[in-house]
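Visitor: Predicted model and sequence below, questions to follow.
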Amino acid sequence: MRRRTLPVVAAVGVLALTACTAAGEDASRDEPGEELVRVVASFYPLQFVAEQVAGERAAVQNLTPAGAEPHDLELSPVDVLDLEDADLVLTLSGFQPALDDALAEVSGPVVLNTAEEAEHEHPEPDDSADDGHTDEEHSEDEHSDDEHDHAGGDPHFWLDPTRLAHVADEVAEALTELDPDSADTYRTNADALTTQLSTLDTEFTTSLTGCEQDVIVVSHEAFGYLADRYGLTQVGLAGIDPDAEPSPARLQEIRDVVEDEDVGTIFTESLVNPDVAEALAAELGIDVAMLDPLEGLSDPSGDYLSVMRQNLQTLRESLGCA
């Protein structure tokens with residue numbers, strides 16, 4: 001593996017320290033088994049998989065700061081240097097255009113693109129509630145801003161745990177190519193994560209069977225994979241773009257859905273302004289609850305598994321599941 005070049009000041013300090021250190025001790029720090037694989041993940045779910053599969057064999061960096069919207073990622077010069085110096089980069093092409101542009105220019109790291117999980121039989125945005133735009137207007141709204149053009153579909157594949165399990169296998173294979181001596185560790189860790197994700201999938205399937213309601217009204221249509229996997233129908237105030245403002249016609253359609261389907265909750269998100277959802281819920285006399293699309297991790301004490309289980313509990317309570 002390649003080693004990071006030390007800054008000049010740091011290098012001088014290391015040389016001075018080396019002069020006072022026994023030769024045997026200095027050599028021990030450079031033993032081949034001590035070097036970690038450097039992994040850069042573009043946003044939280046990919047960071048989670050990398051950390052779980054690599055264990056102590058890798059240093060994993062998340063490019064998206066905690067609490068930030070990953071769609072809007074902008075890279076600093078230091079971020080670009082980190083990409084250059086990485087051994088492995090985990091990304092989802094089309095989700096973060098600034099990163100796509102940077103990766104087109106850097107050389108060196110192995111790039112694992114998880115876009116196949118978001119493109120293979122992905123659910124399209126729900127069309128049951130017309131927002132009053134013509135087809136031409138839809139095209140302009142959805143594709144005028146590259147930041148939210150995700151090949152026409154929902155990129156949030158990780159909300160289906162079985163798809164995230166596929167990424168665990170791919171990460172194990174990529175790490176093995178970089179660090180063959182740790183192949184057994186990567187395979188064991190990936191299998192353990194797959195088992196946890198399979199258990200989570202079973203919990204969702206079992207818990208969301210026989211519910212009184214199967215329609216979820218959400219701030220924006222980030223939950224297509226979750227809905228598709230577990231037999232729910234998603235209706236969004238906005239489409240894939242979380243920053244889009246719903247038109248008056250769209251809001252009327254949402255009102256009709258809520259009344260026709262006897263919906264009791266509108267779901268908001270931590271990174272999306274809740275004002276419209278809360279105002280509509282108040283007008284209709286229904287509840288507001290939080291569903292986390294897990295683009296980032298707002299609570300460092302949790303992880304993907306715990307947040308998904310919190311989502312499940314919220315859905316159970318809101319949908320009247322037995």
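Guide: Here it is on my side, so go on.

Visitor: in the stretch 101-250 of the chain, which ranges drop under the pLDDT threshold?
Guide: 120-152 (pLDDT under 70).

Visitor: Strands of that one, start to end?
Guide: 110-113, 215-220, 233-238 (DSSP state E, counting those that start in this stretch).

Visitor: May I see these organised as TSV, with distance to S182 and mean neighbour count added?
Guide: In this view, the C-beta of every residue, glycine as well, is placed from N, C-alpha and C. Listed next are those as TSV, based on distance: least, CB to CB, whole Å; neighbours: other CB atoms under 10 Å:
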stretch	distance to S182	mean neighbour count
strand 110-113	15	17
strand 215-220	40	23
strand 233-238	40	22
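
Visitor: Now V110: closest residue in space that isn't a chain neighbour?
Guide: L88 (5.0 Å; CB to CB, 6 or more residues apart in numbering).

Visitor: cool, L36 as well?
Guide: With sequence-adjacent residues excluded and distances taken as CB to CB, 6+ apart, L36 is closest to A59, at 4.7 Å.

Visitor: Show me how the record splits this structure into domains.
Guide: 8-23+36-138+153-199, 210-319 (automatic domain parsing).

Visitor: tally of neighbours for D256?
Guide: Close neighbours of D256, defined as other CB atoms under 10 Å, add up to 12.

Visitor: what about it, is that helix, strand or coil?
Guide: helix (DSSP: H, G, I helix; E, B strand; the rest coil).

Visitor: how close does it sit to R163?
Guide: Here the criterion is CB to CB, to the nearest Å. By it, D256 lies 32 Å from R163.

Visitor: Tell me the pLDDT of the closest residue to E105 other than its chain neighbours.
Guide: Using CB to CB, 6+ apart and skipping residues adjacent in sequence, the residue nearest E105 is V80, 8.0 Å away. Turning to V80, the model gives it a pLDDT of 95.

Visitor: just checking, V80 touches D101?
Guide: No: in this structure, V80 is not within contact of D101 by CB atoms under 8 Å, at 10.1 Å.

Visitor: just to revisit the earlier point, ok, the residue nearest to L36 - contacts?
Guide: L36, V37, R38, V39 (CB atoms under 8 Å, 6 or more residues apart in numbering).

Visitor: Report the rounded mean pLDDT for the helix or strand containing it.
Guide: Per DSSP states H and E, A59 falls inside strand 58-62. Mean pLDDT, computed over strand 58-62, is 97.

Visitor: Quick check: next helix or strand after that strand?
Guide: Counting by DSSP H and E, what follows strand 58-62 is helix 77-85.

Visitor: Alpha carbons of the helix or strand that that next one is followed by, in PDB - could you do that?
Guide: Using DSSP H and E, the helix or strand that follows helix 77-85 in sequence is strand 88-91. Taking C-alpha atoms only, strand 88-91 is exported to PDB below (Å, rounded to 0.1, in the frame of the first residue of the first chain):
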ATOM      1  CA  LEU A  88     -10.500   2.700  -1.400                       C
ATOM      2  CA  VAL A  89     -13.300   5.200  -2.100                       C
ATOM      3  CA  LEU A  90     -17.000   4.200  -1.600                       C
ATOM      4  CA  THR A  91     -19.400   6.300  -3.500                       C
END
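
Visitor: what helices or strands is strand 88-91 leaning on?
Guide: Packing contacts for strand 88-91, counted by 3 or more CB pairs under 8 Å, 6 or more residues apart in numbering; DSSP states H and E, involve strand 37-41, helix 44-54, helix 97-103, strand 110-113, helix 161-178.

Visitor: From the contact counts, what lies against the third one?
Guide: Here helix 97-103 is seen to pack against helix 77-85, strand 88-91 when contacts are counted using 3+ CB pairs under 8 Å, 6+ apart.

Visitor: Would you mind finding the most buried of those?
Guide: Comparing the helices and strands packed on helix 97-103 by mean neighbour count (mean count of other CB atoms under 10 Å), strand 88-91 comes out on top with a mean of 25.

Visitor: Quickly run through the sheet partners of that strand, with directions.
Guide: strand 37-41 (parallel), strand 110-113 (parallel) (DSSP bridges).

Visitor: For those strands, give me CSV that also has distance to E295.
Guide: Listed next are those as CSV, based on distance: least, CB to CB, whole Å:
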stretch, distance to E295
strand 37-41, 12
strand 110-113, 17
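
Visitor: Any idea which of those strands gets closest to D303?
Guide: strand 37-41 (13.7 Å; CB to CB).

Visitor: Would you mark the buried spots in that closest one?
Guide: For strand 37-41, a neighbour-count test (16 or more other CB atoms under 10 Å) marks V37, R38, V39, V40, A41 as buried.

Visitor: for stretch 271-281, same thing?
Guide: L271, V272, P274, V276, A277, L280, A281.

Visitor: Let's have the residues you listed in JSON lines, adding secondary structure.
Guide: Listed next are the buried residues of stretch 271-281 as JSON lines, based on three-state DSSP:
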{"residue": "L271", "secondary structure": "coil"}
{"residue": "V272", "secondary structure": "coil"}
{"residue": "P274", "secondary structure": "coil"}
{"residue": "V276", "secondary structure": "helix"}
{"residue": "A277", "secondary structure": "helix"}
{"residue": "L280", "secondary structure": "helix"}
{"residue": "A281", "secondary structure": "helix"}
